[in-house]
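Novice: Sequence and predicted structure below; questions after.
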There are 2 protein chains.
Amino acid sequence: MTERTTEDDTASHGRPARRDLAAMLVPLTRALTAAELPVLDAHGLAMWAYAVLLRLDDTPVRTQAALAQAIGADKTRIIGILDDLERRGLIRREPDPADRRVRLLSLTDEGRRLRDAVQSAIQLREEKLLSRLPAADRDGFVRALQTLSALPPDEFDEIIG
Amino acid sequence: MTERTTEDDTASHGRPARRDLAAMLVPLTRALTAAELPVLDAHGLAMWAYAVLLRLDDTPVRTQAALAQAIGADKTRIIGILDDLERRGLIRREPDPADRRVRLLSLTDEGRRLRDAVQSAIQLREEKLLSRLPAADRDGFVRALQTLSALPPDEFDEIIG
DNA sequence: TATTGTTATACTCTATAACTATA
DNA sequence: TATAGTTATAGAGTATAACAATA
């Protein structure tokens, strides 16, 4: 299966069998997000705003800090984004009657419609890219991505940190 | 092979079959690079400096601007990095006798040794992560990554842009 | 005049710290 | 006093523009 004839792939000397994963992932991720920016722009969404819509649709989030952490952002950074989304009627942000310090966050019907439209457009593009791969590689790629991105941070650190 | 029973996977309504590739790639890439930072720190290398060492070892680069573009950086941004690498004897930066405006860039033996040491450590960690995947997914993942990251930017844009 | 490399400047993104209100 | 959210400030990273040397 491997293309190299040497016995030591992790190579204390000589060229390694593959490029670093990170060295391949960084440019690919950058190119992908850049290619999807026009789609977001067309719907007046910033990238973080889209991340918020995606996250809120999965499972309800009680506090803004938890939402920020879930999407890998800072709690101070999403405030302006939530302001905008609320103003446009895409999300609701209501004080919790039980603890009026926390803001209960939820998607409006229109927010869900927008999320659907944007996500369809984005995944359509992504599928075009995936279609360039052999079916086996494509399936393995998506499955591996799902497995790895589902790893909780502490388990990730335990493996690689 | 697919887990869903609906016929329409790109979903004009309802939940999509998978999360967005970008939504999975961004956190994974961030976690990977974060996990590799301590390795780079231990050798006194910034991430961009490591990118330079990797790139110079592949094929010689004639101008600094070309090097910057090759690693996805700005030409003004790598100058301080090249200064440091040169000062430490890891790269050579000599004026081209044929055109004294351009600086010929190359790796010294010590630069290559450092690159090897760092890359071995990094790929060792990456392999630990990959070992968590089924063999088929792992191979597909790496092959897909190699295919996609080898796409020239204009071809990438043609597919997805 | 055009190009390589460099320096200086401005801008964006992100993180830290200080403030308000509720508890 | 402690916490959720907000605001203000500072810092890092990045891009833009002006400059010097060479062609």
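Specialist: Structure received.

Novice: Distance from the helix or strand harbouring A:Ala65 to the middle of the chain?
Specialist: Using DSSP states H and E, A:Ala65 sits in helix A:64-70. Counting by CA atoms, centre = their mean, to the nearest Å, helix A:64-70 is centred 14 Å from the centre of its parent chain.

Novice: Just the C-alphas of the helix or strand just after that helix, formatted as CSV.
Specialist: Next along the chain after helix A:64-70, taking DSSP H and E as the criterion, comes helix A:79-87. Output in CSV follows, covering the C-alpha atoms of helix A:79-87 (Å, rounded to 0.1, in the frame of the first residue of the first chain):
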residue,chain,number,x,y,z
ILE,A,79,-22.0,39.8,21.3
GLY,A,80,-22.0,42.1,18.2
ILE,A,81,-22.9,39.1,16.1
LEU,A,82,-25.8,38.2,18.3
ASP,A,83,-27.0,41.8,18.3
ASP,A,84,-27.1,41.7,14.6
LEU,A,85,-28.8,38.4,14.3
GLU,A,86,-31.4,39.4,16.8
ARG,A,87,-32.0,42.7,15.1
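
Novice: Is the helix holding A:Ala65 in proximity to DNA strand D?
Specialist: Yes - against DNA strand D, helix A:64-70 shows contacts by CB under 7 Å from any atom of the strand at A:Gln64, A:Ala65, A:Ala66. C-betas here are computed from N, CA, C, even on glycine.

Novice: who wins for most neighbours among these?
Specialist: Of all those, A:Gln64 has the most neighbours under the rule other CB atoms under 10 Å in any protein chain shown, reaching 19 neighbours.

Novice: Surely it is in contact with A:Arg103?
Specialist: Yes - with contact defined as CB atoms under 8 Å, A:Gln64 reaches A:Arg103; the gap is 5.8 Å.

Novice: Tell me if A:Leu105 really is in a helix.
Specialist: No - applying DSSP: H, G, I helix; E, B strand; the rest coil, one finds A:Leu105 to be strand, outside a helix.

Novice: excluding its backbone neighbours, what's nearest it?
Specialist: Sequence neighbours aside, A:Val61 is the residue nearest to A:Leu105 in space, at 5.3 Å (criterion: CB to CB, 6 or more residues apart in numbering or on different chains).

Novice: And the helix or strand where A:Pro38 lies, what's buried?
Specialist: Element membership of A:Pro38, judged by DSSP H and E, is helix A:21-42. Buried residues in helix A:21-42, counted by 16 or more other CB atoms under 10 Å in any protein chain shown: A:21-29, A:31-33, A:35-36, A:39-40.

Novice: Which ones among these also lie next to chain B?
Specialist: A:21-29, A:31-33, A:35-36 (CB under 8 Å from any CB of the partner chain).

Novice: ok, now how distant is the most centrally placed residue in chain A from B:Arg19?
Specialist: Centroid check for chain A by CA atoms, centre = their mean gives A:Ala51 as the closest residue, at 6.8 Å. Using CB to CB, to the nearest Å, one obtains 11 Å as the distance from A:Ala51 to B:Arg19.

Novice: Nothing else from me, thank you.
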